[in-house]
Structure formats: structure tokens, C-alpha cells
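**Q** Below: sequence and its predicted model.
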Amino acid sequence: MESNDFDVLIIGAGISGIGAACHLARECPNKNVAILERREAIGGTWDLFKYPGIRSDSDMFTFGYNFRPWTETKTLADGPAIKQYVIDTAREYGVDKKIHFGLKVTKAEWKSEEQGWTITAKPEAGGKAKTYRGNFLMLCTGYYNYDHGYKPEFKGEKDFAGQIVHPQHWPEDLDYAGKRVVIIGSGATAVTLLPAMADKTAHITMLQRSPTYMMSVPAKDPMASRLKGLLPEMTVYRMMRARNIAVQRWSFDASRRFPKQARNLIMKFARKQLGPDFDMRHFTPDYDPWDQRLCAMPNGDFYKTLRNGKGEIVTDHIEKFTKKGILLKSGKELEADIIITATGLDVQMMGGAKLTIDGVERQASDTMMY
């Protein structure tokens with residue numbers, strides 16, 4: 001009979017859950033480990049999101065696992081490549097065999113008298129809930145609701161004659177070729193979507209309420225490209241990882257100490273890539289660099305799309321949706337066939353599971369969790 005008692009229970013088979021399981025396989029090989037995953041595939045975020053251009057906005061030398069090298073030279077990897085990296089890592093360490101797919105964890109109970117956790121999981125396909133017990137619980141569920149993204153309610157949405165899409169649940173059959181597209185938002189997703197879709201659309205506009213700092217990064221790491229083949233893969237990976245961590249820490253610290261100089265430098269790079277006549281107000285936030293994170297662009301693809309006229313950026317507030325598109329508070333109307341609401345994620349801890357300690361329910365927002 002299959003036992004549901006484990007030394008360690010891991011919730012989630014995304015990049016964090018697989019990383020945790022591999023760490024245990026390496027450091028605690030005799031421990032009995034199980035991974036409970038709601039979906040039917042490994043990958044988490046990188047299996048869920050399917051929108052055009054989906055990619056990491058962190059470099060893969062620091063985003064990847066410290067124990068398994070990222071061997072491509074691409075700096076910001078696309079979603080399918082990251083998913084395959086996670087899958088290959090799981091297979092290499094044998095943790096793919098420890099995954100129980102199709103189970104949504106609904107409750108996590110700590111019982112002091114048992115010195116352990118009792119986990120209730122409901123099969124996504126229906127049927128009776130299952131119970132698992134573990135001495136340790138590792139929550140690798142991410143920080144957002146997988147069922148839906150965050151989307152404000154816009155006045156007049158029902159009047160719009162076209163299609164409204166949230167990037168978290170991108171329709172596989174969405175045909176945007178020759179269409180007028182408006183993207184609402186100015187975060188990493190919006191900055192990714194505009195250049196990825198521009199070649200096919202009739203016209204594409206990114207509508208932002210406020211600007212975001214953006215920085216161009218090389219699409220491929222030149223040093224990694226030169227060293228590849230000359231040194232062992234793990235050596236190159238560790239070198240690039242250490243270098244990037246040091247550079248990022250220095251960049252962050254310098255920006256916080258000298259915000260005016262950091263802002264001027266970012267604006268200088270932007271001006272150089274956009275040209276002398278571009279309205280820089282679209283790229284000048286009213287906060288200092290790293291008050292919010294910067295958006296990274298491989299080879300400045302976002303700026304190139306604006307410069308060659310394939311895309312447009314508008315800074316304004318939404319008055320309401322209309323039959324034809326979006327009416328702005330300035331009085332301008334953006335006509336659209338498709339509106340993409342790249343308005344963010346719905347924050348959720350523990351995958352929405354209920355947490356109880358000795359029979360008392362705890363709210364994640366009122367609790368310090370490690």
C-alpha cells in the first residue's frame with residue numbers, strides 16, 4: 001500500500017519546488033520526499049504563461065540553480081527554454097518521480113502533539129480529498145493566484161466590440177495579425193509584449209499610467225560566448241554567476257546612494273537608443289531608480305520597436321472603454337481590435353491553502369513565514 005507519510009512535503013513543482021527537491025536529493029538523499037503539484041506538468045510560471053515573447057526579466061546565470069549550469073549564452077531566456085531547464089534538472093536528479101500531479105493543496109495543519117504537518121489536497125479531476133503527512137513543509141507555490149491575474153474594472157468594458165485578453169491566460173488561438181492592439185500597463189510583461197507582437201500587428205500601442213525605468217542588456221552574454229568551449233560548463237557558469245551578482249549588487253547600491261546620477265545615466269542610455277526627437281517624458285518616472293525594479297530589454301528591443309515606428313507609447317489615464325477602443329482623460333481615443341490588460345498578478349500566498357496551527361487558523365498576511 002502506498003504510504004502518504006513523508007519526511008518532507010514540497011508544495012509546487014515550479015523552479016523553486018524542483019530546486020528544493022534537488023537540494024534534498026543532493027544533501028539528504030535518505031529523506032523521503034514528495035512534491036504536490038496542482039497542474040499536470042513541471043514548470044509552474046513557465047508552464048502557465050504562454051503570451052508572445054514570454055521570458056525571464058532576470059539573467060539566467062543568477063536566476064538558474066547554483067548546482068546546475070545554464071549552458072546557453074542567451075541572457076534573458078524565453079519561457080519554453082526555462083521550463084525545459086527545470087524539467088531537465090528534475091530528471092537529472094530523479095525528483096520528477098517524486099511529483100504527485102493534479103493535486104490542489106487546500107489545507108496545511110501543524111499539530112504540535114504529532115510534531116508534524118497534515119496536508120489536505122483535492123484532486124483537480126474530482127474525487128475524494130487526499131491526506132499527506134510530513135515532518136517538514138516547504139511552500140514553493142509562488143506568490144500569485146494561478147486562476148486569474150489582477151485586472152481592474154474599467155468603466156465601459158462591456159461596450160468594447162473587440163477582444164480583451166489578460167496575459168496570464170493567453171488564448172492559444174488568438175490571431176492578432178493585422179489587428180490594432182493596445183497593451184495596458186508598463187511592467188515587464190507589457191515591455192515584453194510590444195516588440196514581440198509588433199511585426200504582425202497593424203499597429204500596437206502601450207498605454208501606461210506612469211513611466212517605468214528600462215535598461216537595455218545584451219541578448220547574449222559576450223564573455224560567456226567567448227569562454228564557452230574553452231572552459232568547463234560549470235566553471236563558466238560559476239564565473240558568470242559570481243560576476244553578475246557582484247555587478248547587480250554594486251548597481252543597486254550605487255543607485256540608492258546616488259539616485260540623481262543613476263537616473264541621468266539611465267536617461268542618457270535611453271536617449272541614445274531612442275534618438276534626439278523622442279519625448280522622454282514617457283521614460284521619466286517620478287521616483288528614483290530601484291524604488292521599483294527596472295525592466296530589462298534584450299538588445300533594447302522595446303526602444304527599437306518605438307524608433308522604427310512599429311510601436312507607440314502613450315502616457316495617460318483611462319476614462320472608459322468605448323465600442324472602438326479606449327477613451328483617455330486627455331480626450332484622445334485609442335482605437336483597438338484587441339486590448340491586453342498587462343495589469344499584474346493577484347497576490348496570493350500558499351497557493352490559497354488554509355493554514356492552521358494547533359487548530360487555530362492563521363492568515364499569511366498576519367504572519368512571519370520563512
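**A** Cool, got the structure. Numbering: from 1, shown residues only.

**Q** Now do the domain split for the protein, please.
**A** 5-146+347-366, 157-341 (automatic domain parsing).

**Q** Export the ones you listed as a markdown table, with columns for mean pLDDT.
**A** Converted to a markdown table, the domains of the chain look like this (pLDDT from 0 to 100):
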| stretch | mean pLDDT |
| --- | --- |
| domain 5-146+347-366 | 96 |
| domain 157-341 | 96 |
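
**Q** could those be laid out in CSV, adding mean neighbour count?
**A** Where you see a C-beta, it was placed from the backbone N, CA and C, and this is true even at glycine. As requested, these are arranged in CSV below (neighbours: other Cβ atoms under 10 Å):
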stretch, mean neighbour count
domain 5-146+347-366, 18
domain 157-341, 16
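
**Q** What pairs with the helix or strand hosting Thr131, parallel or antiparallel?
**A** Here Thr131, judged by DSSP states H and E, is contained in strand 130-139. Using DSSP bridges, the strands paired with strand 130-139 are strand 5-11 (parallel), strand 116-123 (antiparallel).

**Q** list the helices and strands the helix ranked longest in the chain packs on?
**A** With secondary structure taken from DSSP state H, the chain has its longest helix at helix 233-257. Packing partners of helix 233-257 (3 or more Cβ pairs under 8 Å, 6 or more residues apart in numbering; DSSP states H and E): helix 60-63, helix 222-227.

**Q** now for whichever helix or strand comes after it, which elements pack on it?
**A** Later in the chain than helix 233-257, the nearest helix or strand by DSSP H and E is helix 259-274. Other helices and strands packing on helix 259-274, by 3+ Cβ pairs under 8 Å, 6+ apart, are strand 214-217, helix 301-307.

**Q** picking that back up, out of the helices and strands packed on helix 233-257, which comes closest to Asp147?
**A** Closest approach to Asp147 among those is made by helix 60-63 (25.2 Å; Cβ to Cβ).

**Q** Show me the contact partners of that closest one.
**A** 56, 70, 72, 74-77, 82, 85, 221, 224, 237, 240-241, 243-245, 248 (Cβ atoms under 8 Å, 6 or more residues apart in numbering).

**Q** rerun at 7 Å
**A** Contacts to helix 60-63, defined as Cβ atoms under 7 Å, 6 or more residues apart in numbering, come from residues Ser56, Trp70, Thr75, Ala77, Tyr237, Met240, Arg241, Asn244, Ile245.

**Q** repeat for stretch 237-253
**A** Asp59, Phe61, Thr62, Asn66, Pro69, Trp70, Asp221, Met223, Ala224, Trp290.

**Q** just to revisit the earlier point, I'd like the strands paired with strand 130-139 written out as TSV, with distance to Glu40 added.
**A** Below are those laid out as TSV (distance: least, Cβ to Cβ, whole Å):
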stretch	distance to Glu40
strand 5-11	16
strand 116-123	11
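
**Q** Tell me which of those strands sits nearest to Pro298.
**A** Comparing the strands paired with strand 130-139 under Cβ to Cβ, the one sitting nearest is strand 5-11, at 32.2 Å.

**Q** need the next SSE after that closest one, C-terminal direction.
**A** For strand 5-11, the succeeding helix or strand toward the C-terminus, using DSSP H and E, is helix 15-27.

**Q** just checking, what packs against that next one?
**A** strand 5-11, strand 33-36, helix 79-92 (3 or more Cβ pairs under 7 Å, 6 or more residues apart in numbering; DSSP states H and E).

**Q** Reformat those into TSV and put distance to His23 next to each item.
**A** Formatted as TSV, the helices and strands packed on helix 15-27 follow (distance: least, Cβ to Cβ, whole Å):
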stretch	distance to His23
strand 5-11	10
strand 33-36	10
helix 79-92	11
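
**Q** Can you say which of those is nearest to Pro123?
**A** strand 33-36 (10.9 Å).

**Q** So which elements touch the closest one?
**A** strand 5-11, helix 15-27, strand 99-100.

**Q** mind redoing it with 6 Å?
**A** Applying 3 or more Cβ pairs under 6 Å, 6 or more residues apart in numbering; DSSP states H and E, one finds that strand 33-36 contacts strand 5-11, helix 15-27.

**Q** Pro52 should be in a strand, yeah?
**A** No: under DSSP: H, G, I helix; E, B strand; the rest coil, Pro52 sits outside any strand and is assigned coil.

**Q** measure it to Thr141 for me?
**A** 26 Å (Cβ to Cβ, to the nearest Å).

**Q** go on, Met197?
**A** For Met197 relative to Thr141 (Cβ to Cβ), the value is 30 Å.

**Q** How about Asp147?
**A** Counting by Cβ to Cβ, the gap from Asp147 to Thr141 is 13 Å.

**Q** pLDDT score assigned to Thr367?
**A** In this model, Thr367 is scored at 77, pLDDT.

**Q** What is the end-to-end distance of stretch 104-123?
**A** 6 Å (Cα to Cα, to the nearest Å).

**Q** which other residues reach that stretch?
**A** 9, 11, 36, 38, 102-103, 124, 129-135, 137, 351, 353-358 (Cβ atoms under 6 Å, 6 or more residues apart in numbering).
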